[in-house]
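>>> Turn this into a model:
(2 chains)
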Amino acid sequence: MEYLLHIAILVSIYAMLGLSLDLIVGYAGLLSITHAAFYGIGAYGTALLMINQGFGFFTAMLLGMVISGVVALVIGAVLSRFRGDYYALGSFGFNVIIFSILLNWQSLTRGPLGIPGIHRPELFGISFSDNVMFLILCIILGAIVYGVCWYLTRSSFGRVLTAIREDENMVQVFGYATPYFKLVVFVIAAMLAALAGALLASYITFIDPSSFSLNESIFILAIIILGGLASHEGALAGAFFLIVLPEALRFLGFPSDVAAQMRQVTYGAILVLFMLYRPQGFLGKFRMN
Amino acid sequence: MDILVQILLNAVIAGAIYTLIALGFTLMYSTAKFFDLGYGALIAVGGYATYWSYKQIDLPVWLAIGIGVATAGLLAFLVERFIYRKLRERKASGTILLIASLGVLTIIQAVIAIIFSSQFQTLSKNIGSTRTFNIAGGVITDVQALIFISGLVIMTGVGIVLSRTLFGKAVRAVADDSTVASIVGINSPRILGIVAAVGGAIGGLSGIAVGFDTGIEPLMGMSLLLKGVIAAIIGGIGSIYGAVLGAFLLALIENLGAWQFAGEWKDAIAFAVLIAFLLFRPKGILSK
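Numbers count the residues shown, from 1 in each chain, chains lettered A, B, ... in the order given. Next up, the predicted model:
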């Protein structure tokens, strides 16, 4: 039972990451390979604010989201001026840098030692310290994230985004400042990723830089590629399959470190095979081109 | 004064390594026309194949280096032949190829970690007994001198092959326009395959150089790849001489920055340089 709860909590955290990354990749058509950076900023921001400043989880989480949003605003202001491969490359570089900062800024992040002793949330006397309560919290916040993504993509803002995806020059001809739209969706997605990061930090009660490397960004990308781009259900399905499926490796009797690497092989193979045979994923409405 | 000399020397050595990475990357990019992030894993493959043959089965060092270079080249060729070429036949865009190359990067890195563990390893056998040379008050090791020389040799070799031989002419034709190259009878897929093998081999050599200078780990390729790509972009993407110029410029800025601030900010400085160039001079120093 505890094991199933663990899987369910992970699925809901990764569903939030998938939903928010899909706003950038699926709806705006921008290949961002840096989602784990904002996931990490949210996790570290929340953990450090809770431990160093004594904030409660929810205050720290909101502040973590704001920090992530501000960082996204700065880096996004640069990235939004690029398209296509250069966008991908710039975001790739940003993830490598955030990882290197988390690893090397030891006076703040304790580097590879990580940050232990992060508390579980508490609100109005309700404690979310046991896993059933934590899963409920994840589902509530996950529903909010889903709602935000659903609303955004059905609003006029979302329609402009999909139009940018199809033909950015044409949208500019109609007088839209496309970099502004690309920037706003980037900041929103970064804040939602930070929310997922805050949940992860408080759930595991320990974080270290290795959870926020480029590989993690590739994993989140694999989630939405598998599920299908520009589809909320696709992001949910992708998170479900990519968390649950590799768990089977555990039961095949691989040692845990080999199982972790086999998981990476699975994600990589999914990216290659889907690009070869089904670039739009299972439920996708859009294929990258 | 001595510290400045040492910084310059460090920058020259780092520049030689970045030159190798950027050369291999530029070669592949100029013909294949997409950002092949899987190239980062080939750097690690070179380092680990040499590690295996030199330290685990005790082959002579030159043979081990040859095996490392050949393995990286062969793997690059196979990836090009069985993944990228198939994607191209399906008229896949550069972005599709880029996503597939991320998959390749993840798979190769994980397989290396399964075989050799994720531990940091050194390639050299005689740590502590390396010879050093004094140059104008600065110090470099014999390994670093060799890295610098091999960087120069590869750079000149690539330059001569591309500009003076029939094969080089064919490569430049494919780089210009692979469709037209095919029309005039150049076997474009074959050229792409050979260029991938050569580019991969150069990438592998850079991994071996890093391995002898500091050490290897499965994820080493990621930040090295980033440095190579930054060097290629600030030099003017697709230009061989630009890549070399960019590599040394990047190494100089990085080392001066690390001296002024702190060593751990090296990567962040390199990234800032990339952003500055993308914003203000996106075609690089030597734009074509």
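>>> only C-alpha atoms for contact and neighbour calcs from this point on.
Noted.
>>> So the residue of the stretch 51-200 of chain B at minimum distance from chain A: helix, strand or coil?
Nearest residue of the stretch 51-200 of chain B to chain A: B:Gly103, at 3.7 Å (C-alpha to the nearest C-alpha). Secondary structure assignment for B:Gly103 (DSSP: H, G, I helix; E, B strand; the rest coil): helix.
>>> Within range of chain A, give me the residues from chain B.
Within reach of chain A by C-alpha under 8 Å from any C-alpha of the partner chain, chain B has these residues: B:34-35, B:83, B:86-87, B:92-108, B:110-111, B:113-114, B:222-223, B:226, B:264-265, B:267-268, B:271, B:275, B:279.
>>> how about the residue of the stretch 51-200 of chain B closest to chain A, what does it touch?
Contact analysis of B:Gly103 by C-alpha atoms under 8 Å, 6 or more residues apart in numbering or on different chains lists A:Ile218, A:Tyr267, A:Gly268, A:Ala269, A:Ile270, A:Leu271, A:Val272, B:Gly38.
>>> Pull the number of nearby residues for the third one.
Yep, that's A:Gly268 we're talking about. 27 (other C-alpha atoms under 10 Å in any protein chain shown).
>>> and the gap between it and chain B?
Counting by C-alpha to the nearest C-alpha, to the nearest Å, the gap from A:Gly268 to chain B is 4 Å.
>>> Doesn't that residue lie inside a strand?
No. When three-state DSSP is applied, A:Gly268 is found to be helix, with no strand at that position.
>>> Enumerate every residue touching it.
Neighbours of A:Gly268 in contact, by C-alpha under 8 Å, 6+ apart: A:Ala222, B:Leu102, B:Gly103, B:Val104, B:Leu105, B:Thr106, B:Ile107.
>>> Sheet-wise, list the partners of the least confident helix or strand in chain B by mean pLDDT with their directions.
Every helix and strand of chain B was ranked by mean pLDDT, DSSP states H and E. The lowest is strand B:132-135, at a mean of 75. Counting by DSSP bridges, the strands paired with strand B:132-135 are strand B:138-141 (antiparallel).
>>> show me where chain A has strands.
Under the criterion DSSP state E, chain A carries strands at the ranges A:122-123, A:126-127.
>>> could you redo the ones you listed as JSON lines and give each row mean neighbour count and mean pLDDT?
Putting these into JSON lines (neighbours: other C-alpha atoms under 10 Å in any protein chain shown; pLDDT from 0 to 100) gives the following:
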{"stretch": "strand A:122-123", "mean neighbour count": "12", "mean pLDDT": "74"}
{"stretch": "strand A:126-127", "mean neighbour count": "10", "mean pLDDT": "73"}
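>>> returning to that earlier point: and the residues of chain B next to chain A, which of them are buried?
B:34-35, B:83, B:87, B:92, B:94-108, B:110-111, B:113-114, B:222-223, B:226, B:265, B:267-268, B:271, B:275 (16 or more other C-alpha atoms under 10 Å in any protein chain shown).
>>> any idea which helix or strand carries B:Thr26?
Using DSSP states H and E, B:Thr26 falls within helix B:2-32.
>>> From the contact counts, what lies against that helix?
Contact analysis of helix B:2-32 by 3 or more C-alpha pairs under 8 Å, 6 or more residues apart in numbering or on different chains; DSSP states H and E lists strand B:138-141, helix B:142-164, helix B:166-176, helix B:188-213, helix B:220-235, helix B:240-260 as its packing neighbours.
>>> buried ones in that helix?
Those buried within helix B:2-32 under the rule 16+ other C-alpha under 10 Å are B:6-32.
>>> by contact count, what packs against the helix or strand just after it?
Sequence-wise, the next helix or strand downstream of helix B:2-32 (DSSP H and E) is helix B:39-51. Secondary-structure packing of helix B:39-51 (3+ C-alpha pairs under 8 Å, 6+ apart): helix B:61-79, helix B:94-116, helix B:188-213, helix B:220-235.
>>> let's see 6 Å
helix B:61-79, helix B:188-213, helix B:220-235 (3 or more C-alpha pairs under 6 Å, 6 or more residues apart in numbering or on different chains; DSSP states H and E).
>>> Mean pLDDT added to these, as a markdown table?
Converted to a markdown table, the helices and strands packed on helix B:39-51 look like this (pLDDT from 0 to 100):
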| stretch | mean pLDDT |
| --- | --- |
| helix B:61-79 | 94 |
| helix B:188-213 | 92 |
| helix B:220-235 | 89 |
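>>> any chance of those helices in TSV, plus distance to A:Gln261?
Below are the helices and strands packed on helix B:39-51 laid out as TSV (distance: least, C-alpha to C-alpha, whole Å):
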stretch	distance to A:Gln261
helix B:61-79	20
helix B:188-213	21
helix B:220-235	16
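>>> Out of those, which gets nearest to A:Gly64?
helix B:220-235 (26.6 Å; C-alpha to C-alpha).
>>> now that closest one: how far from the chain's centre is it?
Distance, stretch centre to chain centre, for helix B:220-235: 8 Å (C-alpha atoms, centre = their mean, to the nearest Å).
>>> can you check stretch A:69-89 too?
That offset, for stretch A:69-89, works out to 16 Å (C-alpha atoms, centre = their mean).
>>> Contact partners for the closest residue to A:Phe92 other than its chain neighbours?
Distances taken as C-alpha to C-alpha, 6 or more residues apart in numbering or on different chains put A:Ile33 closest to A:Phe92, at 5.1 Å, once the chain neighbours are dropped. When contacts are counted by C-alpha atoms under 6 Å, 6 or more residues apart in numbering or on different chains, A:Ile33 touches A:Ser91, A:Phe92, A:Ser217.
>>> Just give me the closest of those residues to A:Val148.
Using C-alpha to C-alpha, those come closest to A:Val148 at A:Ser217, 21.5 Å.
>>> Okay, now the unreliable bits of chain B?
Across chain B, the ranges flagged by pLDDT under 70 are B:1, B:127-130, B:286-288.
>>> ok, now the stretch 151-289 of chain A?
Applying pLDDT under 70 to the stretch 151-289 of chain A flags residues A:284-289.
>>> rerun that using 80 as the cut-off
A:246-257, A:259, A:279-289 (pLDDT under 80).
>>> Flag every residue of it that's near chain B.
When proximity is defined as C-alpha under 6 Å from any C-alpha of the partner chain, the stretch 151-289 of chain A approaches chain B at A:Val258, A:Gln261, A:Val265, A:Gly268, A:Leu271, A:Val272, A:Leu276, A:Asn289.
>>> For PyMOL, write the selection for the buried entries among those residues.
Listed next is the PyMOL selection for buried residues among those, using 16+ other C-alpha under 10 Å:
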select buried, chain A and resi 258+261+265+268+271+272+276
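>>> Output the residues of the stretch 151-289 of chain A next to chain B in TSV, with distance to A:Arg165 appended to each entry.
Below are these laid out as TSV (distance: C-alpha to C-alpha, whole Å):
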residue	distance to A:Arg165
A:Val258	39
A:Gln261	34
A:Val265	30
A:Gly268	25
A:Leu271	21
A:Val272	23
A:Leu276	22
A:Asn289	10
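>>> For A:Ser68, see how far away B:Gly199 is.
38 Å (C-alpha to C-alpha, to the nearest Å).
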